[in-house]
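no sequence on this one, just coordinates:
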């Protein structure tokens, strides 16, 4: 039996890639550790190394093939003692991974959560995008990059600093290409020193620059939270309005995939608690760009919460420099009659997927993307609830003192007479995020959990 | 150079009569101001925490002497002296201490949180050590803009143990930021003596592992401070990056108004006052150099007293902030 060589996952979140180049051919003797092929993801080009030694019997995937699924066999290897006769009768079932274990980066979440909704017809037209505007398909990570690049071209005071933002092109490739265009004066690699560079960025903002400080993830910003809150958020007030702090702190927030408790936390409610901060957590690609541009132009400190699992999303973004969205405005992304589902960031994906499932059961859900958590657009949510009379909130954070707690209270306060059921929250379970794939999936929100909550507020369960 | 700890140009510890008289007046203003602040605190007009600068006056006055227009200053919570030395109005500082609307922060900051955009004074920070990366950030802005301004970043011996100090020093040296790290070693971090908290008590070596030159300076001698500061500022302006200056100084009062200072003896304090007082030392220089006589110095004392009295009166006459101010200055519009 020949040994299949499988398409590897090269990051925790990789699901597929392009087999860019084969570095071996059939008949080649290879050794363990030898480079076999180059694989491209939307982030990077990586090398595939051999695990076993032997002879390459067959290349199953031609080079240049795109969207090769993680764990798909890409070549066959004959090990010591085998010759080509071993290939006889051997069939490749490409639909079944040779290894029965789930692929790295593929959690069982996918079996319960339907794929991200892609049909744009489900989405409402965006009134913020003028009709006739030329739309360009863009990856979310590139939309963020474009936002920074455009603002850096527009304003000399804007610069980017953080770990691996320059030469490495960004740990998640969000700052790709910025160093080449703007040079190392304006794209600054920092040491691993979050507390220190958050403080330096804040000081530079006091002096009138407009820093965009990237945290490799918001989890690491716990080291820097003192400067975000005590220095950046409070100084305008403490100075009686004399000091300004026009700074953006940005990076991926929330749970990625199988990276464990310390790398998987949603900080939305933490920062949204603090007066003096603006907190933005976009879902769509266009919002990511339009709101990051708004954040950079803001005279106030902004916490900009991205999501690693959305970086690879593709969406349409209006072409041109001037697409800047208003901060503090929620968006109704799907119109419905029976229930309001309010969320932000990746939670909107669960909400939209749930709305699809519910539609098949003749339940019409309205989905509100909060987009900004401070200030919180309570009005849009309340208006929606006045129509649907029911509210479900979705967040990746913990329930206790969370975003849903605030939203539920606000809607109770401002729309009590319109509620036909107590609001329900779909959140992460009240535990540190576990590593095991099944436990992780159980812990996080997903579309099925949202569907179940909707049925409860409709008294259907 | 970095490790011998000898302060800059010791051979040049001279100053003109005019300079010395200015230093004398500026130091005296801080002392009288702080004495009055202590008194107003005792009377209940000043609330919360109030950290007096008495004993350390030579540090800020000496450094101020080499500051240029556009240079920035940032410090911790023991900040009254820095503000007065910067040229901020004693009336506005005292009115902030009393929490009134004419204070520098409209009464919303208090003793530890005062700023002056005009005088480039960036606070007034209550989290021990936080001002150090912030000060390095001010320096980054100077370098980014390509101007020749220097950030004078002050902190105490206690703050010098905070991790963020080392983070900031590393980047300041790595990027050659124009910053002078002024450690005001007043011997006690609240109640903890330096030798009880620092494995290395020579604080001028704090930047040694980053290759930052460091010098020990007699922080009770205003001219010694000035000369050490001059060299450090020149280093910063010429693109060589940061310097650490360890100012050996002493605070006469407790850590804050509520500190009885039982961790040191009365004798120790008296000895410093008698032998090393920065204002007395300056006064002796003036008299010995024949730059002024006792009567002229008395006239300065009188002038300073009048300024402080005016500040105190102003700070009590100024109304409390308008209730509408509660909600202003949280965000820019």
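Structure received. From a predicted model like this one, the values you see are computed outputs, not experimental measurements. Residues are numbered from 1 along each chain as shown, chains lettered A, B, ... in the order given.

so who does the residue nearest to the spatial centre of chain A touch?
In chain A, the residue lying closest to the centroid (C-alpha atoms, centre = their mean) is residue A:307, at 2.3 Å. Going by C-beta atoms under 8 Å, 6 or more residues apart in numbering or on different chains, residue A:307 touches A:252, A:253, A:254, A:281, A:345, A:346. Backbone N, C-alpha and C define where each C-beta goes, glycine included.

how near is it to chain B?
25 Å (C-beta to the nearest C-beta, to the nearest Å).

now do residue A:312
32 Å.

residues in contact with that residue?
A:13, A:42, A:139, A:140, A:141.

tell me the least confident of the residues you listed?
Taking these together, the minimum pLDDT is found at residue A:42 (74).

so that one touches residue A:139, yeah?
Yes - between residue A:42 and residue A:139 there is a contact under C-beta atoms under 8 Å: 6.1 Å.

quick one: contacts for whichever residue of the stretch 1-150 of chain A sits closest to chain B?
Residue of the stretch 1-150 of chain A nearest chain B, by C-beta to the nearest C-beta: residue A:148 (16.4 Å). Residue A:148 makes contact with A:158, A:160, A:175, A:178, A:212, A:292, A:296, according to C-beta under 8 Å, 6+ apart.

show me what from the stretch 101-250 of chain A comes close to chain B.
Neighbours of chain B within the stretch 101-250 of chain A, by C-beta under 8 Å from any C-beta of the partner chain: A:159, A:185, A:188, A:190-191, A:193, A:195-209, A:226-227, A:230-231, A:235-244.

mind giving me the PyMOL select for the residues you listed, buried ones only?
In PyMOL, this line selects whichever of those come out buried by 16 or more other C-beta atoms under 10 Å in any protein chain shown:
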select buried, chain A and resi 159+188+190+193+195+196+197+198+199+200+201+202+203+204+205+206+207+209+226+227+230+231+235+236+237+238+239+240+241+242+243+244
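
and the residue of the stretch 151-300 of chain B nearest chain A?
For the stretch 151-300 of chain B, C-beta to the nearest C-beta, closest residue to chain A: residue B:167, 2.7 Å.

is stretch B:208-220 anywhere near chain A?
No - using C-beta under 8 Å from any C-beta, stretch B:208-220 never reaches chain A; the gap is at least 10.8 Å.

and that stretch, which residues are buried?
Quick answer for stretch B:208-220 (16+ other C-beta under 10 Å): B:208, B:210, B:212, B:213, B:214, B:215, B:216, B:217, B:218, B:219, B:220.

quick one on the thing from earlier: which one's more surrounded, residue A:42 and residue A:139?
Ranked by neighbour count (other C-beta atoms under 10 Å in any protein chain shown), residue A:42 and residue A:139 place residue A:139 first, with 21 against 15.

what's across from the more buried one in the sheet?
Beta-bridge partners for residue A:139, by DSSP bridges, are residue A:314.

who does the helix or strand that contains residue A:203 touch, helix- and strand-wise?
Residue A:203 belongs to helix A:194-206 when assigned by DSSP states H and E. Packing partners of helix A:194-206 (3 or more C-beta pairs under 8 Å, 6 or more residues apart in numbering or on different chains; DSSP states H and E): strand A:158-162, strand A:210-214, helix B:131-145, helix B:163-174.

in TSV, list these along with mean pLDDT and distance to residue A:77.
TSV is the format used below for the helices and strands packed on helix A:194-206 (pLDDT from 0 to 100; distance: least, C-beta to C-beta, whole Å):
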stretch	mean pLDDT	distance to residue A:77
strand A:158-162	98	41
strand A:210-214	98	41
helix B:131-145	98	53
helix B:163-174	98	47
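
what's the closest of these to residue B:155?
helix B:131-145 (5.5 Å; C-beta to C-beta).

in space, what's closest to the residue of chain B found nearest chain A - neighbours in sequence excluded?
Here the residue of chain B nearest chain A is residue B:137; by C-beta to the nearest C-beta that distance is 2.1 Å. Among residues not flanking residue B:137 along the chain, residue A:203 sits closest, at 2.1 Å (C-beta to C-beta, 6 or more residues apart in numbering or on different chains).

over to residue B:15?
Per C-beta to C-beta, 6+ apart, closest to residue B:15 is residue B:223, 5.0 Å.

so the closest residue to residue A:175 other than its chain neighbours, which of the three states?
Spatial nearest neighbour of residue A:175, excluding adjacent residues (C-beta to C-beta, 6+ apart): residue A:165 at 4.4 Å. Secondary structure state of residue A:165, per DSSP: H, G, I helix; E, B strand; the rest coil, is coil.

pretty sure residue A:165 is touching residue A:182, no?
No - applying C-beta under 8 Å as the test, residue A:165 and residue A:182 come out as separate, 10.9 Å apart.

can you show me the helices along the stretch 201-350 of chain A?
A:225-226, A:235-238, A:268-272, A:285-297, A:346-360 (DSSP state H, counting those that start in this stretch).

okay, those helices in a markdown table with distance to residue A:325 next?
As requested, those are exported to a markdown table (distance: least, C-beta to C-beta, whole Å):
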| stretch | distance to residue A:325 |
| --- | --- |
| helix A:225-226 | 27 |
| helix A:235-238 | 23 |
| helix A:268-272 | 18 |
| helix A:285-297 | 3 |
| helix A:346-360 | 15 |
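
that's all I had, so thanks and see you.
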